[in-house]
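Visitor: Provide a 3D model corresponding to the input given below.
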Amino acid sequence: MHTDLAALFIIFGGSGDLAQRKLYPALFNLYRKGYLKEHFAVIGTARRPWTDDHYHEIVMTALDNFDEDQATKEAFVGHFYYQSHDVTDAKHYETLKALASQLDEQYDLHKNRIYYMAMSPRFFGTIASHLGSEALLTADGFNRLIIEKPFGRDYESAKALNQELTQTFDEDQIYRIDHYLGKEMIQNIVALRFGNGLLSGVWNNQFIDNVQITLAESVGVEERAGYYETSGALRDMFQNHIMQVIGMLAMEVPVNFTAEDVQREKTRLFRSIQPYSPAEIKQNFVRAQYAETSVDGENKPGYQQETNVAPDSQTETFVAGKVMIDNERWCGVPFYVRTGKRLARKETQINIVFKKTGVNIFADDKSDRSAMAPDVLTIYVEPEQGFSLTINGKEVGQGFALKPDQLAYQYDEQMLADSPEAYERLILEALNGDGTNFTHWHELAASWQFVDAIREVWDADQTPLPGYSIGSMGPKEATDLLATTGAEWIFDPTQNN
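Guide: Modelled structure (predicted):
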């Protein structure tokens, strides 16, 4: 049995896609697992003039994929209330405050409140300001703000937004959500690193040659072209998801696994990332767009042919780069990263490539005793979840020819079915006041400053972007990025390996 957590959720953007696809299913999972029982309520707000009954229909539709009986779903949906709301109108906050007070008494919520901003980022500061000026925050219970990305579009806008939020909320009340930090295998990184002497002893530049992080998507921009034109892969994926994965892989061991200690170590790590000059940015970061490609005899549109995309757009749909960390543990170890749309397949994978042994004593030709293939620890984040260690073993038969062998572990479907989805996990952590897997302002500031330097160089360069074929793993330039150090991408589904 789980504790019945008491709270009122106020969801700004309650009619939106995120709420319907992610938030309502996540809350229902917490309900059916017993974390939420009788002492919770949800107020959904948006401009649309919906009734409570229509809102219930929307929430019920969001639960279509659940096998639970209708009575359980109806009991859950009965905790939902709707208010048509203009986030710029102070009077609407007075109405919201009255409804919140009524529900607090009705459901005995102990005046605990979670405010979830699931709408356009341009309203985040406005909403926070009104929550403060109209006194919606309670004095007796907890007040926690969950805020979606993007958190600003550069350092200056992120700083301005943070200043707006902290007029109403303290830093420890702000939960900047990055759903990648809720994924099972991203959370497993710290268990692998700090829970195994075998790995923690070699997790440094004496043994590791390079680290590779791939966040590949097979889809294009689809209906998000309007947003994507103002974002691009650098802001959409690198600044948040990839930087946070680097943080988990590279931070020093925290004193305790608490929000304060983990965030302190990640902030130190981000501040130790080597800043690049404009010339170094051009040398160490690659951008490209997916190009019109014939696939099985059918022409697939390139990015510039997509609806709502400028025909001369310079927005990148692919980024690859080399990140260097200036500290004792990681000095000299490149972190190669790449992310892109319309790649060979959807896959998030991390490869820890260990240094090769110096001499192959088993070589038949003693004049060619070049180093053996490296050992590789692979963390499969999605769609498969698990890990493997690729090592050299002897081929069966006469002689001592070597071949790569894989020690692998993959979570089965039942394990994954029982595992909480990322939003479910993170909402529960916010309910419990655990900010460990959320992003602290100082981490965010450091990551934006690194990204801004890249963006400034790219925006000043109007050279047409390299293209890459749909179904590939990106442009040749991304392969060349590693070739300069004699490395190669471990994950390449376009090769028969």
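Visitor: going forward, measure contacts between C-alpha atoms and count neighbours the same way
Guide: Noted.
Visitor: OK, contacts around the spatially closest residue to residue 241 that is not a sequence neighbour?
Guide: Distances taken as C-alpha to C-alpha, 6 or more residues apart in numbering put residue 180 closest to residue 241, at 6.1 Å, once the chain neighbours are dropped. Shown in contact with residue 180 (C-alpha atoms under 8 Å, 6 or more residues apart in numbering): 186, 241, 422.
Visitor: now residue 288
Guide: By C-alpha under 8 Å, 6+ apart, the contact set of residue 288 is 316-319, 465-468, 474-475.
Visitor: ok, now residue 226?
Guide: Contacts of residue 226 by C-alpha under 8 Å, 6+ apart are 308-309.
Visitor: 6 Å instead?
Guide: Residues in contact with residue 226 (C-alpha atoms under 6 Å, 6 or more residues apart in numbering) are residue 308.
Visitor: That one is in what secondary structure piece?
Guide: Element membership for residue 226, per DSSP states H and E: helix 225-233.
Visitor: Residue 176 and residue 232, how far apart?
Guide: Distance, residue 176 to residue 232, using C-alpha to C-alpha, to the nearest Å: 21 Å.
Visitor: At which residues are the strands of the stretch 301-450 of the chain located?
Guide: 318-323, 335-340, 347-354, 376-382, 386-394, 402-410 (DSSP state E, counting those that start in this stretch).
Visitor: Partner strands of the third one and their direction?
Guide: Think strand 347-354. strand 208-216 (antiparallel), strand 376-382 (antiparallel) (DSSP bridges).
Visitor: Out of these, which gets nearest to residue 487?
Guide: For these, the distance to residue 487 is smallest for strand 208-216, at 8.2 Å, taking C-alpha to C-alpha.
Visitor: contacting residues around the closest one?
Guide: 333-340, 346-355.
Visitor: try 8 Å
Guide: 202, 242, 333-341, 343-355, 489-491.
Visitor: Dump it to CSV, restricted to CA.
Guide: What follows is strand 208-216, C-alpha atoms only, in CSV (Å, rounded to 0.1, in the frame of the first residue of the first chain):
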residue,chain,number,x,y,z
ILE,A,208,37.9,5.5,-21.0
ASP,A,209,38.8,6.6,-24.5
ASN,A,210,35.6,8.4,-25.4
VAL,A,211,31.9,8.6,-24.6
GLN,A,212,29.2,8.6,-27.3
ILE,A,213,25.6,9.8,-26.8
THR,A,214,23.1,9.3,-29.6
LEU,A,215,19.5,10.6,-29.5
ALA,A,216,18.1,9.6,-32.9
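Visitor: what comes up buried for it?
Guide: 208-216 (16 or more other C-alpha atoms under 10 Å).
Visitor: I'd like to know the average pLDDT value across the helix or strand in which residue 10 is found.
Guide: Assigned by DSSP H and E, residue 10 belongs to strand 7-12. Mean pLDDT, computed over strand 7-12, is 97.
Visitor: okay, it in CSV with CA atoms only?
Guide: Presented in CSV, the C-alpha positions along strand 7-12 are these (Å, rounded to 0.1, in the frame of the first residue of the first chain):
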residue,chain,number,x,y,z
ALA,A,7,-2.6,17.8,-3.2
LEU,A,8,-4.5,20.1,-5.6
PHE,A,9,-3.1,20.1,-9.1
ILE,A,10,-3.7,23.3,-11.1
ILE,A,11,-2.8,22.6,-14.7
PHE,A,12,-2.4,25.7,-16.9
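Visitor: where does this structure dip in pLDDT?
Guide: The model of the chain has pLDDT under 70 over residues 1-3, 358-371, 496-497.
Visitor: okay, now the domains of it?
Guide: As assigned by automatic domain parsing, the chain contains the domains 7-148, 181-420+442-483.
Visitor: Could you export those domains as TSV, including distance to residue 154?
Guide: Listed next are these as TSV, based on distance: least, C-alpha to C-alpha, whole Å:
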stretch	distance to residue 154
domain 7-148	13
domain 181-420+442-483	6
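Visitor: To residue 433, which of these lies closest?
Guide: Across the domains of the chain, closest to residue 433 is domain 7-148 (C-alpha to C-alpha), at 8.2 Å.
Visitor: Next, the distance between the ends of that closest one.
Guide: Distance between the two ends of domain 7-148: 20 Å, counting by C-alpha to C-alpha.
Visitor: Please compute how far it lies from its chain's middle.
Guide: 23 Å (C-alpha atoms, centre = their mean, to the nearest Å).
Visitor: roughly how far apart are the residue nearest to residue 237 when sequence neighbours are not counted and residue 473?
Guide: Spatial nearest neighbour of residue 237, excluding adjacent residues (C-alpha to C-alpha, 6+ apart): residue 339 at 7.1 Å. For residue 339, the distance to residue 473 (C-alpha to C-alpha) stands at 9 Å.
Visitor: now the contacts of residue 180: which count as buried?
Guide: Using 16+ other C-alpha under 10 Å as the burial test, those include 186, 241, 422 as buried.
Visitor: Would you mind giving those residues as JSON lines with distance to residue 416 added?
Guide: Shown next, in JSON lines, are the buried ones among the contacts of residue 180 (distance: C-alpha to C-alpha, whole Å):
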{"residue": "186", "distance to residue 416": "14"}
{"residue": "241", "distance to residue 416": "21"}
{"residue": "422", "distance to residue 416": "12"}
